Every structure is written in C-alpha cells, then in structure tokens.
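> Have a look at this prediction, sequence included:
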Amino acid sequence: MTAMTMAKALNTGLRRAMEQDSKVILFGEDIGRLGGVFRITDGLQKDFGEHRVMDAPLAESGIVGAAVGLAMRGYRPVVEIQFDGFVYPAFDQIVSQVAKMHRRTEGTVRMPIVIRIPYGGGIGAVEHHSESPEAYFAHTAGLRVLTPGDPQAAFVTIQQAIACDDPVVYFEPKRRYWDKGDVDEGLDARDRQRVPDPWQARVVKAGDDVTVACYGPMVRTCLEAARASSDASLEVIDLQSLSPLDIETLVASVERTGRLVVVHEASANVGIGAEIAARVTERCFYSLEAPVLRVTGFDIPYPASRLEEHFLPDLDRVLDAVDRAMAY
Amino acid sequence: MTAMTMAKALNTGLRRAMEQDSKVILFGEDIGRLGGVFRITDGLQKDFGEHRVMDAPLAESGIVGAAVGLAMRGYRPVVEIQFDGFVYPAFDQIVSQVAKMHRRTEGTVRMPIVIRIPYGGGIGAVEHHSESPEAYFAHTAGLRVLTPGDPQAAFVTIQQAIACDDPVVYFEPKRRYWDKGDVDEGLDARDRQRVPDPWQARVVKAGDDVTVACYGPMVRTCLEAARASSDASLEVIDLQSLSPLDIETLVASVERTGRLVVVHEASANVGIGAEIAARVTERCFYSLEAPVLRVTGFDIPYPASRLEEHFLPDLDRVLDAVDRAMAY
Amino acid sequence: MSDGIRAGAAIQLLSPEGERVSNTHYDISLGDAELRDLYRDMVLVRRIDTEATALQRQGELGLWASSLGQEAAQVGSARCLRPGDFAFPTYREHGVTWSRGIKPLEFLAMFRGVTNGGWDPIERGCAIYTIVIGNQALHGAGYAMGIQLDDSDDAVIAYFGDGATDEGDVNEAFVFGSVFNAPVVFFCQNNQWAISQPRERRSRAPIHERAAGFGFPGVLVDGNDILAVMAVTREALDRARTGGGPTLVEAYTYRMAAHTTSDDPTRYRRAEELEIWRLRDPIERLKVFLARQGIADRHYFDQIEQEADELAVHVRDGVRSMPEPEATSMFDHVYAESHTLLEEQRRHLHEYEASFVPGGSA
Amino acid sequence: MSDGIRAGAAIQLLSPEGERVSNTHYDISLGDAELRDLYRDMVLVRRIDTEATALQRQGELGLWASSLGQEAAQVGSARCLRPGDFAFPTYREHGVTWSRGIKPLEFLAMFRGVTNGGWDPIERGCAIYTIVIGNQALHGAGYAMGIQLDDSDDAVIAYFGDGATDEGDVNEAFVFGSVFNAPVVFFCQNNQWAISQPRERRSRAPIHERAAGFGFPGVLVDGNDILAVMAVTREALDRARTGGGPTLVEAYTYRMAAHTTSDDPTRYRRAEELEIWRLRDPIERLKVFLARQGIADRHYFDQIEQEADELAVHVRDGVRSMPEPEATSMFDHVYAESHTLLEEQRRHLHEYEASFVPGGSA
Ligand SMILES: Cc1ncc(C[n+]2csc(CCOP(=O)(O)OP(=O)(O)O)c2C)c(N)n1
Ligand SMILES: Cc1ncc(C[n+]2csc(CCOP(=O)(O)OP(=O)(O)O)c2C)c(N)n1
Ligand SMILES: [Mg+2]
Ligand SMILES: [Mg+2]
C-alpha cells in the first residue's frame, strides 16, 4: 500500500495501462509537455513519446471524432477533455458516433474509447470549470459512465475503463485530485479474481438506518456525514458506475434500512438521483419507510465561485436530508 | 374552429407571431423556398421576405450561435433544427450560452430564442431521424422545454414560446404533424384570460383509477389506451411543459387515483419519467398504491425503422403497465 | 460564383463530348479492360440507383438517396484505393461502396430499415454510411492518424458534400489533417445542392480554395470526368502515402435526382438546370470515348445492359425478400458486453411479445 | 512556419524601435492628444493587469488571465469602435473592455468570483467575457446579421486567440460571416501560444490566410504596433459598415505572462523567447515614438505613472471590498420569469441557511 493522491493514482493507472497495451494512446489538449492542466498525464509523454501521448488541437469535437477513427484503426484512445464545461462541443460525436457505432455496425466496430473529464465544483474556479454533466451521458444508451470515489478506485477503474471494449465516459472528481488514500499498486487491474467489478456499487460504510447513495466528489462528503451522524446509522454506497447503475446493491441495502438519500453535485432535475429514486422505489415499494430524498445542486447554472459553497451539497445538507428521511 | 393538421397549426401560429412582432425571424436549414423538410414554414418566406425567413448554412452550432447574437441585437429568432438527431452539434451553444446567458449577465441580456425540433419516431425514417432527446434539455437549467399534444396546443404554444423571454426548446411530435384537430384560429395567444398557461399540464381525459402522464406523440397513444381500457378508468395528463414540470397537476390527480404511469418514447434511463416518478413519489408518498411505472423506449440507440414498432410504446404497452399498476 | 466547368478551371481529361483532353500536370493511362470496367461499374451503380428509387416508390425501401450523375466522382475516386485503404462515405456514395466490394443488398439494407449498418467496415475498408453531416470527415482524419502511428503507407479517403463544408466538424477535420500531416484525402462532391440550398449559398470562395487556408493543397476536378477524377485522386492518395499530408479534392458534379426520395426539387430548382447537366453525363461521356476509340463496341454495351438488367432483378428480389430482423436483436451489440438492466429489458420485451402469440409464454 | 514579424509580412507603421514606418496601403494620422491617450490607456490597462496578478497571488481573485504584451492589439482595435458597435471579447481582452468604458472593477468581478458577468452588454456595446473557446465568434456573426436586418452601419468586432481557430465554431462563424456578408471583423490575437501549444501546432498555414478560403480578406498586422493595429482595424470596420463584409485580422503579438495565474509556462517554453518579445513591447514602442516626436515629455509620462498608481490603489481596495453576493441571488435571472420549482428551492435554501443563524427562522 502506498499513500498517494487521486491525481497520482490516475497517473499511475494510465502508465500501467500504457505499459500493458501498446495500442493505448492518450490524446488531449495540453497533455504532453504540460502534463495536462491537472498534471494527470505528467511525465507520460516523456516516457512513452509523442506518438503515444499526443497534444491535440483545440477542438473537442475533433478530438473525439479523431478518436473514433483511431479506434477503428485498432487503437484504444484515452481522450482528455480539459474541463467538464468543454465537453459539449464534442457532444454530437459522443452521442451520435461513439455511443452508437458498435450497435450501428452490428458489433463489427468497437469503440474502446475512454473520455476522461475532470468534473464538479468546489475549487473556486471560473465559469464552465465546475460542472457535473454526467446525467447527459448516463441518459445516452451505448455509453458507460464511471467515476472513482477514492485513489484506490481511481487507480483500478481507469485501467478497467481502458481495458473495456465499450466507450467509457470517465468522470474525475477534480476537487478530490489532491486527496490522499492508500493505493495497492501491486494489484493487477486485469485480475478479475482479486479486483472488484467496476460496474458494481461499493458499500464504503455499513449502517442500519439510512442508505446514502453518492459518487465521485460526494463520497468523501457522505462518509464525513456518516461519521458526524449521531442519531442515525448511515450506510454509504459509492455508486462508482453511473451507467449502468448497479441497482441490486442499492436494493439490498434499502430493503434493510428502508430509507434512501441520494447525493450529487449535479442539478436534481432529470438527474442521476431521479433515476435511482424511480428504480429503487419500484423495486422496494413495500420496504421504503420514506420517499427517496435527493440532496443535489440546485436547478440553476453553476453559480459564481463565491457562491458555490451554498450550491454544493455538504455534510450538513446530507444530515438534514437524513433527518427528514428519519422523520417519516 | 377549423380542422387542421398540426403542421398547418404550427405554420399558422408562426405566421401569427410574425405578423404581431416584426422582431420575430425564422432561421434554419431549407426553411425558405422549400418551406422546411416538413413544410412547417411553407409560404412564410414568400410572404415575409428573405430577411424574416432566412435559409441558414448547414451548421447547427452556427445557427444557434448566430441566434444568440441576433437575440442580443433585439431579435426573437425562431430556429429550426431539421431533425432531432441533428441538434447535438448545437449542444454546446445551447447549454453554455443560450441556457446561461440571462443568468450570466444578471438579467441584462435576454435570450428569447425558440429552438424548434421535430422529434420522435414512428415514421419509418433512417437513423438520427427518430430520436427523443428532450431529457438533455430538461436537465439543463435555464432552458424551458415545450411540446404540443394536438393541433390546438401547437397553434397556441408556438406563439407563447415565441413571446416568452426565456429560451424555449420546442419539440414537435413529427409523427403527429399530419393528425388533424380543431383549432380556434380566433384565439389570441396573448390573451392570458382566455388562453391556457403553457407551463401547465392539461388533463386531456378525466378518470379515476390510474393517472397516465404523457406528452407529444404519446398523447394520442394514451388517449387511445384510455378509450380501450375496460377494467380501469384512466386519467390522461398531457404534460406539455417538460421544463419546468407542472408537478401540482400530477399530484392533484395521483392523490385521487393513487397510481401513475408515465409514458414517453425516449429511453427510460435518467429520463423525464424518472424525474416525475421521483417527484410525485416524494409528494404523494402516502397516497400511492403502486410505484410509479414507466412505459418508454428501451435503453438502446433508436433501432432501425423495421424494428421501431417494437421499440415505441403503444396502446398495449400502456395498458399492460396500467394492469401492473392495478395489480399492486 | 462562376461555373467551375465553364470557367475551365477544373481539371479535365475527357471533354463532355467524350474527347480526350490533355492537361499539363495530370494524366492517366489505363488499359482497355480497366476502361471498360469503369464504364461497367458506373452503369451497374446507376442501375442499382434506378432500381432503388423504384423500390422506394413501391414502399420496399423507407428512403433512397440517389447517386444519379455522381457515378464518375464516386467510382473514379474509390477505384484508386488499395485494399488496405479506408473510405468514409456519406449516405450517397453508392459508387464508392460498390467499388469497395460491398454488395448492393448490403448497402440497401439500411434504406430498407433492417439495419443501420450492413457490412463489416474493418473487413471491407469502408465505414458504414454516415448521415450526420460532417462526422465522418473527423473519423477519416483520426483513422489516418492511426495509419501514421502504424508507420503504414495506407491512406484514407473521406467523402462529404458541398453543404458539409459549412459544418464545424469538416473544418476541424482539416485542422487535424493539417496539424498531424495525416494521410487523408478529403473528397468533396460539389453536386451544386445541399437539399434546397444552391452552391451560391455556401461561403463565397470556391470550395477547393478552403484547403490553402489550412495549409494543404486543394484541387478542382471535373467530377463527371472519370479519368480526371482518377488522375487527381491518385495523385492525392500518393501524396498522402508518401508523407505529403492531406489534399482537398473538389469534384464538380451535379445531383441529377431529388435530394432523397422524400424531397421535391421542383420547389426550389428549375428543370433547365438539369438539361445542361444531362449533356455532361459521366456515363455517356465515357461511353462515347470508348466507342470512338474502339475500346468497346455495341456488343459490349449490350452485354453490360443485360448484366444491369440481371442485377436489377437481383436487387429487386433481394430487397423484397430481405429477412426481417428479430425484435430483440435491437438489444444486441449495444454494448460489447451487455449488462443486467438491458438484459432485463430484452427479456421483458420477449415475454411481453410472446404473450400475444397464442400459446406463447406469458 | 516563419516569424510573421521578422518576415516583414505584417503591416507595421511603427518599428520596434519606435520609428514611424510607411506602408503603401495602410496609414493613419492621429492628433497628439489621441496619441497620448493611446499611451495612457495601454499603461493603465497594464497596471490593472499587474495589480490583478498580485491580487490573485494574495487570494483576492480566483484566477487572472493576463493581457500583458497584448495592449496594443486590444486598445488599438477597440479604439476604432463607435458607440453603436459591438465587441465580443474572450476572457483576456481587458484592453478592449477598458476601451469600451467598462470599469476595472466591473471586469475584475468575474475573476473574483462574485459574478459571471459584471456589466450590461447591451448598454456598453460589449459582451461579457466568454470562456468557452470560439463561442463568441458566432455571436458576433449573428449580431452582425442583426445589424444588417436593421439596415444600420454599425459593426461588430469578435475577438479570439490563435488556438481558437481550431474550433468548429470559429470556422462556422467565418461561414456565416461570408454567406451573409455580415459587418463583422474577426480579430485574432495570435499571441503564439494556446496554453502550452505553440503556434507551430496550429494548422500549417498562417492564420490570416484562412480567410481567403471563406471568401473574405485576411490581414496580418504587427499586433504590438498600435498605429498599425488601428489602421488595419479601421479599414476592416469601414469595409464592414459599407457592405464589404467580414475581414479576418491576425494581430501578431505575444502572451508575455503565463496563460493564467494557474499556469506554469516554464514547463513548456523557454525564457529566451520572452526576451525577444520584450524588445517589441507595445508600450515602450509608442513611448519612444511620443518622446522622439516631442508629443509627450517626461512630465506627461510621470503623470500617467501617477495616475496608474492611483488606479492600482483603487483596484486593490475595490477588489478587496467588493460586496459578497447573497446566497439566494443565484436563483435570480435563471429565467426572465421564474417558476414554482425554482422558487421552492430558493425558499428552501433561505430557510435552511437561516436555521444555522441563532434566532433565524427554521
Ligand atoms: C448535422 C446534420 N444536419 C442536417 C442534416 C440534414 N441533411 C441531410 S443531407 C443535407 C444536405 C447535405 O448537403 P451536401 O453536404 O451538399 O451533400 P449532398 O446531400 O448534396 O450529397 C442535410 C441538411 C444532417 N443529415 N446532419
Ligand atoms: C471549448 C474550450 N476548450 C478548452 C478550453 C480551455 N482553454 C482555455 S484557454 C485555452 C487556450 C486558448 O488559446 P488561444 O485561443 O490562443 O487564446 P489565448 O489564451 O492565447 O488568449 C484553452 C484550451 C476552453 N476554455 N474552451
Ligand atoms: Mg451537395
Ligand atoms: Mg493564444
């Protein structure tokens, strides 16, 4: 076990994937000499060369569209979108081509593309640098959506995403990049015996009274809430895979607790929390003691940074929802 | 009252809006001499001139981005996207600019832009011509999303959308373009006394046992299901506004019926139905006799046209869900 | 904007009257058999097109995008490809798919609505048809980058129309092609129309001149002259293979039919325009040349007609008897590895539909 | 790619040594007061920039995008605008916003994080800063189309960087500008870098040559020569006003600071590069010229220094004492007319936060 930041865990995971498969190439804006604005690709161009770590032109549709072509030629492109708010120019290529190509070609053309996106707020950034657009991609059939909750998960799931033959939109909780955690570098991500299934949610803290479902940046927040909660015992579940959703793990928990709070930074309206509420309620109709409650960003554009602390769910807002769930 | 198709009702509504406000201009691919591929703008360029009905270059981001500039100059652009599957190149301009401009500029710049999109399947079209992307836009704060359920609603709401100072994504159920209905052409869409609030859901058929919420192309399908249903009395609600959602009308109905089925063509996962299920369940937790059930397109890319009848919700699938709801 | 052909600016090796023209820079010399073969390909592609249009009218196809009049541009350019090369067509490139060895029933399947694809792109060196305007230009640039990474001398040809040059994607493809000096030929068929929009509504410079501003050559070729198309495409592909980077070819041609079978061109263009272009018909032009040069005779032409007739029957019968896809097949290949929620939906649909069949499982 | 300045291809009216150069086509004659004023603007804008950089280091600003070295390009071009014209800046155009009469505290507010805007664009004839690369180029084209519809002789200037020319949006803006012959000047500051990417990584042709392929003129100007920038921009604006359509101006300049305060340029560029560009400093250049020509003297320069010092204090104090926005203000103006669900969220937040305040409502 090595203590490392999530940024370093991702960097190490990318390195591992590149070592193991020469078809893995990185492509994105400023990822070469600069190592990306968050340094996630730091040192990789130096070690693997300009052919494996390619600085891209400033054009996101172009980056993803070219990745489609590269994938058709047999490569496994790992694309970096510089910030959440800059993925939208690539939306057409992602929705119409990346997501559909395998189905359209009846399985003959695979799209083993990973689209890495630092996402979420809490770092005091300017506009378009704090968004949580995961719902758009989770709604899009043909894509898989992953987001790691801690450095260990980051180290493993980035490799699993790259090894996956389906396109994966990989959301990196940027405000947790600098959080440290223990990482088992010895773990071989290909070892299906020892490594957890990336598409399965993880119970990161067991509890009895209320299930709290969260992912990415909110995992730490919810764990803190669980620690701070005196009245109720919280079971915290890190969804990790936002598409497909692992409903079974949630159902198993809610059947015990009878209460579910879903937490995410993204706006509530037509978001991941809505889907979870709908599905879990359908499955656990008779075991729910309270409706599924959502703690989310408000249904407004991400605010200027001096207001973000009011926008983002925090420990207190999670506990407030827990109280409300308990009060039913 | 005049019997007319929804296509004609939209055309007449556009004409009315253009007559009443010289700042209303139409902009889109092939909307001039051709009148649009669905002829919704038929005759308008002839009558209002090339300055009011402008054929656009073949570039959707450009069309919407230029509309932003036109709106800043004081115009009210009504943009046509040729088919649902071609709105994605404009996604960035819609999400980052159209939706946010009013908030970003603290109310000083309004975006009275209407983005008209023929949507949905059932017409035997090739790929990208049958999609239902409304969830993406409903999830986007700052946008309003409307879709008419019949010719009368089309005639009125297209004018209301144009008169609205917020950006409206206006989804036209293309397979209902040729359905006829009575339209009160004498109605002045500006007359708030006589004209229904566009943001309110409409009970299009009253009933007692199960509430069926639907919109756009599914309104007719659900009305047919209501007529065909012998065991249960269905209350059919046409949502009409997908953002904001009129939850009150749904709650009022569900508090009576205790059962809700939501129907849409779009994929279920993280869709409009999920949001409705989540909200209505939260509000009607104690009155629901059954979980909210969804009848939707599957979580797959829209299939080739010979398969679409299996993909699209129809009368039987609605009734099947009604039976399941009743069985709880 | 001036008419590129009349202005004499376009590369031409065969006049509309079927006479061999010389060009200082471009030339091509083909054997008689190959020349006949080009003629054959164009005739057969046109016959498929005619048949498909008829099949659409009869309700056997959902839609058809006609390639009528563009056979020389399509067959000529695709002929220059080697097996390892890769073509990225739009929805109209039936002459390209045909030339890549894709069977008519394979490329008609999408228009019938039984699939969105129809063939294995990797095996055939040809992507499936792309409908979203411009998307495939970027795929072409990316694929070409992959060729470079492989240190191979394969090349890519990416097709698009005049209208497509408006789209961001096509311009970004120019950027990527240029920045990476990728082995890609951007092949634009300027067929004068983008649905109802005439070429005058495009940006005010001739299309091939767009290339210079991105740092690579652009060439204007008479797109109805199959010899010129081949000469120009071959040179562009050679440049690509040998590290010379991208080329933009503007093939000046004409969409002789409606945009698709759903379109009504009488609303926006005059019939006279068509008359002019009939005189520039790419097939007639080669036919006159072949006949004049004694490369092919009446007997040969009759034989090709007969082959075309047989092909038409094959297409007609084949389309009519195309197997309907299974309902649950729509869940196949959504993912390389499916997942529980999707398999539940598949099972649910299966059981639900079976419940309507007498004796089916509930 | 050659260095546009050394190659002598760029329009220049003032040499780096501050000597007046003549140009056969472009010229400008300005009164002494205006010349001094240009100097003043550039000095003040630079001082604001220096101060803002310092404020960011002190944690008073979240981020700062420096305009250091680009003052001539920005002030010179924006000076040519009339009140009814409209400017569309990126995030770096402080010399533009300043020249449009927007107060430093107004354009610093976004960088402090108290707003995403800061001024009323309609009233000021200047859009708020746009961060998504290229978006505003299309807004500029559209606004210019609106001017045409109004039959007005106003004009638009849309700013973007060298990197932005890769984006689809910028190229589509060229298409729209060209097709509608819209009164828009596309003003590209080629500051040699797009974060870590040098201009060599852009497409292989000089940026201003992109214009020809879209059917309108492109001009290369020494962006550190304020007189040349003004001459070139004025001509482009005049052309726009009189129905001549768009122009692309490439102002060849240099980003002397880091990309933003978050950036570390030592990772990707050599310090020597900066040394060369210091010799081409736009402010020094004008200063030498003013002094040599006797248009301004030591006294004047000192006075401007003092004004700059005072402005710095004003900026420092003003930023520090900028009022914090109310939490619930984030619900304002999401819609022109708010709706129930949103107002519920506002109320909920209000009550929730009040519950933490002793004595607050629950
Ligand atoms: C992104 C996108 N927008 C709109 C359309 C609708 N559409 C289909 S073909 C076409 C015109 C294409 O013109 P051109 O590129 O000249 O090709 P041609 O059809 O003439 O071969 C349009 C607008 C589309 N398919 N994709
Ligand atoms: C669509 C989009 N992609 C990426 C970014 C991140 N980004 C901000 S500035 C920048 C470089 C811009 O370079 P250039 O256009 O030359 O302008 P400069 O910063 O040099 O003034 C990038 C990549 C962005 N803001 N928007
Ligand atoms: Mg065309
Ligand atoms: Mg730059």
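Noted; the coordinates are in hand. Ligands and ions are numbered 1, 2, ... in the order given.
> Just to check, C:A173 is in contact with A:A59?
No. If you go by Cβ atoms under 8 Å, C:A173 and A:A59 don't touch, sitting 9.5 Å apart. No exception for glycine: its C-beta is placed from N, CA and C like everyone else's.
> Have a look at these two and say which one is more surrounded.
C:A173 (37 against 33; other Cβ atoms under 10 Å in any protein chain shown).
> Now that one: closest residue in space that isn't a chain neighbour?
Nearest residue to C:A173 in three dimensions, chain neighbours excluded: C:A137, at 3.7 Å (Cβ to Cβ, 6 or more residues apart in numbering or on different chains).
> quick one, phi/psi of residue 110?
No chain was given, so I picked chain A. Backbone torsions for A:R110, taken as degrees, to the nearest 10, come to phi -100, psi 160.
> The chain in question should be chain C.
phi -60, psi -40.
> Can you give me the pLDDT of the residue nearest to C:A173?
You'll see C:A137 listed with a pLDDT of 98.
> So which bits of the stretch 201-328 of chain A are right by chain D?
A:269, A:298-301, A:303-307, A:310-311, A:316-317, A:320 (Cβ under 8 Å from any Cβ of the partner chain).
> Pick out the residue in the stretch 251-362 of chain C sitting closest to ligand 2.
C:Y335 (29.1 Å; Cβ to the nearest ligand atom).
> returning to what we had before: now, among the residues of the stretch 201-328 of chain A next to chain D, which is nearest to A:I115?
Nearest to A:I115 among these, counting by Cβ to Cβ, is A:P301 at 22.7 Å.
> domain ranges for chain A?
Here the domain parsing of chain A from automatic domain parsing is A:2-183, A:202-327.
> Make CSV out of the ones you listed and add mean pLDDT and distance to ligand 4.
Formatted as CSV, the domains of chain A follow (pLDDT from 0 to 100; distance: least, Cβ to the ion, whole Å):
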stretch, mean pLDDT, distance to ligand 4
domain A:2-183, 98, 9
domain A:202-327, 98, 24
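> Which among those domains is found nearest to chain C?
Of all these, domain A:2-183 sits nearest to chain C, with 2.5 Å by Cβ to the nearest Cβ.
> State whether C:E343 is indeed within a helix.
Yes. Assessed by DSSP: H, G, I helix; E, B strand; the rest coil, C:E343 belongs to a helix.
> The residue nearest to C:A173 is in contact with C:T165, isn't it?
No. At 9.5 Å, C:A137 does not count as touching C:T165 under the criterion of Cβ under 8 Å.
> sorry, back to before: which of the residues of the stretch 201-328 of chain A next to chain D are buried?
Buried members of these, counted by 16 or more other Cβ atoms under 10 Å in any protein chain shown: A:269, A:298-301, A:303-307, A:310-311, A:317, A:320.
> my guess is C:R210 contacts C:V219, does it?
No. In this structure C:R210 lies outside contact range of C:V219 using Cβ under 8 Å: 11.8 Å.
> Give me the common contacts of these two.
C:L248 (Cβ atoms under 8 Å, 6 or more residues apart in numbering or on different chains).
> who has more neighbours, those two?
C:R210 (28 against 22).
> mind listing what the closest residue to that one other than its chain neighbours touches?
Counting by Cβ to Cβ, 6+ apart, the nearest residue to C:R210 once its immediate chain neighbours are dropped is D:G213, at 3.8 Å. Contacts for D:G213 (Cβ under 8 Å, 6+ apart) come out as C:205, C:209-214.
> all helices of chain C, in order?
C:32-57, C:71-79, C:94-99, C:104-112, C:121-124, C:135-149, C:168-179, C:226-241, C:271-278, C:282-292, C:298-320, C:340-354 (DSSP state H).
> Out of those, flag the one nearest D:R239.
Among the helices of chain C, helix C:168-179 sits nearest to D:R239 (Cβ to Cβ), with 23.6 Å.
> what sits against the closest residue to A:A206 other than its chain neighbours?
Closest residue to A:A206 apart from its sequence neighbours, by Cβ to Cβ, 6+ apart: A:E235 at 5.6 Å. Counting by Cβ under 8 Å, 6+ apart, A:E235 makes contact with A:203, A:205-208, A:210-212, A:253, A:256-257.
> residue contacts, the closest residue to chain B within chain C?
Residue nearest to chain B within chain C: C:G113 (3.4 Å; Cβ to the nearest Cβ). Contacts for C:G113 (Cβ under 8 Å, 6+ apart) come out as B:124, B:126, B:304-306, C:61-62.
> cool, A:P77 as well?
When contacts are counted by Cβ under 8 Å, 6+ apart, A:P77 touches A:25-27, A:66-67, A:70-71, A:113-114.
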